[in-house]
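Visitor: Return atomic coordinates for the entry below.
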Amino acid sequence: MNAGFARRDLFAAGAAAAAAMILPRAEAEAAAPMRNDLPPAWHRFKWGDFEATVVSDGSLPLGKPQDSFVGPGADRITGMLTDEFLDPNAATLEQNVLVLNTGRQLLLFDTGMGESMGADSKMFGPTTGRLLANLRAAGIQPEQIDMVVATHAHCDHVWGLVDASGQRVFPNAQVAINEADVRFWTDDSNKRGPAFMNVFIEGAKKNLNAYRDRFVMVRNEQEVVPGVTAIFAPGHTVGHTCYAITSAGRTMLNSGDLAHHQVLLLRRPLMEFSFDTDPKLSAQTRARMLDRLATDRHAVLSYHFPWPGLGHVRKEGDGYGWVATPMNVTSLG
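Guide: Numbering: from 1, shown residues only. The predicted model follows:
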């Protein structure tokens with residue numbers, strides 16, 4: 001007997017037996033309503049002597065990937081996404097916000113989209129702006145945050161600093177950020193080029209200006225607080241900064257927007273992203289940093305990679321691959 005046919009016959013027999021056991025239709029109809037909601041999204045793990053919690057601000061849909069990912073290798077986008085069983089017609093990013101408890105301070109890395117800019121806060125759709133609800137679900141209150149550490153001043157990273165009325169969401173927090181980004185994104189003379197620049201600058205002004213008396217200007221390769229070192233990674237914005245988190249001899253890089261997509265910008269590091277301030281510089285920075293991460297084998301927390309954004313980068317051919325850390329692993333190695 002052909003083994004393939006034997007297996008199919010076995011499956012068919014099993015299905016028939018199962019069907020015979022189904023309750024009569026009148027007794028079986030108890031359809032539950034569709035919930036159309038999501039559970040709180042947070043993930044906690046130990047990092048050396050630190051405690052880390054990743055909290056979601058929700059997904060961020062970009063739409064057609066060819067509108068955002070351009071330049072070298074963009075002609076291969078459809079194939080790259082299809083090969084990874086991803087929708088070739090829609091790019092969706094995550095927003096993975098890190099909360100780090102050092103034992104002395106509670107740090108929040110970026111703030112998500114927030115609601116400070118009203119309708120503009122939903123420019124990427126209704127699925128963003130969930131940080132505060134998920135923070136509270138994780139047992140963290142906004143007033144407990146000692147410092148917001150910003151990777152850069154784009155909408156999905158600092159627009160959650162204040163609420164719609166302009167009041168501080170994190171009333172006891174300092175804000176650590178690169179001075180070049182503060183200057184650029186609060187300067188009206190930079191309202192030129194892409195259409196998004198106007199609202200991005202207005203949003204940055206509203207959110208950053210509320211903390212002017214609480215700024216801590218980060219310096220390249222210097223500690224922001226013990227165990228957290230700023231790594232200048234310009235291009236996406238003029239002052240885009242990654243942060244190396246080191247405790248008990250282990251290092252994890254909070255990579256911010258070094259790479260927005262786990263397939264497109266890792267397989268093709270020199271591809272460009274349409275929201276980059278300097279796309280060429282951003283691509284060069286990305287290629288250099290990815291090579292360093294693959295060589296040093298440091299763990300990575302990526303803001304926009306699939307939830308919760310934890311994993312490693314490894315060299316694959318002319319580019320790199322993303323190796324996600326399983327969710328059931330509570331202590332990265």
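
Visitor: Let me see the ranges of the strands in the stretch 101-250 of the chain.
Guide: Applying DSSP state E, counting those that start in this stretch to the stretch 101-250 of the chain gives strands spanning 106-109, 147-149, 174-177, 215-217, 223-225, 228-232, 241-247, 250-254.

Visitor: Which residue ranges of the stretch 101-250 of the chain form helices?
Guide: Residue ranges of the helices in the stretch 101-250 of the chain, as given by DSSP state H, counting those that start in this stretch, are 131-137, 155-158, 179-185, 196-209.

Visitor: Out of the strands of the stretch 101-250 of the chain, which gets nearest to L265?
Guide: Proximity to L265 (Cβ to Cβ) singles out strand 241-247 among these, at 14.5 Å. All C-beta spots, glycine's among them, are computed from the backbone N, C-alpha and C.

Visitor: That closest one: which residues count as buried?
Guide: Across strand 241-247, burial judged by 16 or more other Cβ atoms under 10 Å covers T241, C242, Y243, A244, I245, T246, S247.

Visitor: before we move on, what about stretch 133-147?
Guide: Neighbour counts over stretch 133-147 (16+ other Cβ under 10 Å) mark N134, L135, A138, I140, P142, I145, D146, M147 as buried.

Visitor: Run the chain-centre distance for it.
Guide: Distance of stretch 133-147 from the chain centroid (Cα atoms, centre = their mean, to the nearest Å) equals 18 Å.

Visitor: What's the mean pLDDT across it?
Guide: Throughout stretch 133-147, pLDDT has a mean value of 98.

Visitor: got it, and stretch 171-189?
Guide: Mean pLDDT, stretch 171-189: 98.

Visitor: Then stretch 98-105?
Guide: For stretch 98-105, mean pLDDT is 98.

Visitor: hmm, who's touching that stretch?
Guide: Stretch 98-105 has contacts (Cβ atoms under 8 Å, 6 or more residues apart in numbering) with 47, 49-55, 106-110, 135, 138, 140, 145-147, 225-228, 245, 247, 254, 301.

Visitor: Please repeat the previous calculation with a cut-off of 6 Å.
Guide: For stretch 98-105, contacts defined as Cβ atoms under 6 Å, 6 or more residues apart in numbering pick out 50-54, 107-109, 140, 146, 225, 254, 301.

Visitor: next one: stretch 169-188
Guide: Stretch 169-188 is contacted from outside by 142-143, 145, 147-150, 152-153, 162-163, 190, 201, 204-205, 208, 211, 214-218, 224, 237-239, 241, using Cβ under 6 Å, 6+ apart.

Visitor: Which pLDDT does the model give P279?
Guide: 97.

Visitor: Confirm for me that it is in contact with E272.
Guide: Yes. Contact criterion Cβ atoms under 6 Å: P279 and E272 qualify, at 3.8 Å.

Visitor: of these two, who's got more company?
Guide: Remark: of P279 and E272, E272 carries more neighbours, 22 against 18, as counted by other Cβ atoms under 10 Å.

Visitor: any idea how far L258 is from that one?
Guide: To L258, E272 is 14 Å away according to Cβ to Cβ, to the nearest Å.

Visitor: for G321, same thing?
Guide: G321 is 15 Å from L258, where distance means Cβ to Cβ.

Visitor: can you redo the strands of the stretch 101-250 of the chain as TSV with distance to T78?
Guide: Putting those into TSV (distance: least, Cβ to Cβ, whole Å) gives the following:
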stretch	distance to T78
strand 106-109	33
strand 147-149	37
strand 174-177	37
strand 215-217	43
strand 223-225	41
strand 228-232	33
strand 241-247	30
strand 250-254	30
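
Visitor: Can you tell me which of the ones you listed is nearest to H312?
Guide: With Cβ to Cβ as the criterion, H312 lies closest to strand 250-254 of these, at 10.0 Å.

Visitor: coming back round to it: tell me which of the helices of the stretch 101-250 of the chain sits most buried.
Guide: Burial of those is given as mean neighbour count (mean count of other Cβ atoms under 10 Å); helix 155-158 ranks first at a mean of 28.

Visitor: What helices and strands are in contact with that helix?
Guide: Helices and strands touching helix 155-158, by 3 or more Cβ pairs under 6 Å, 6 or more residues apart in numbering; DSSP states H and E, are helix 196-209.
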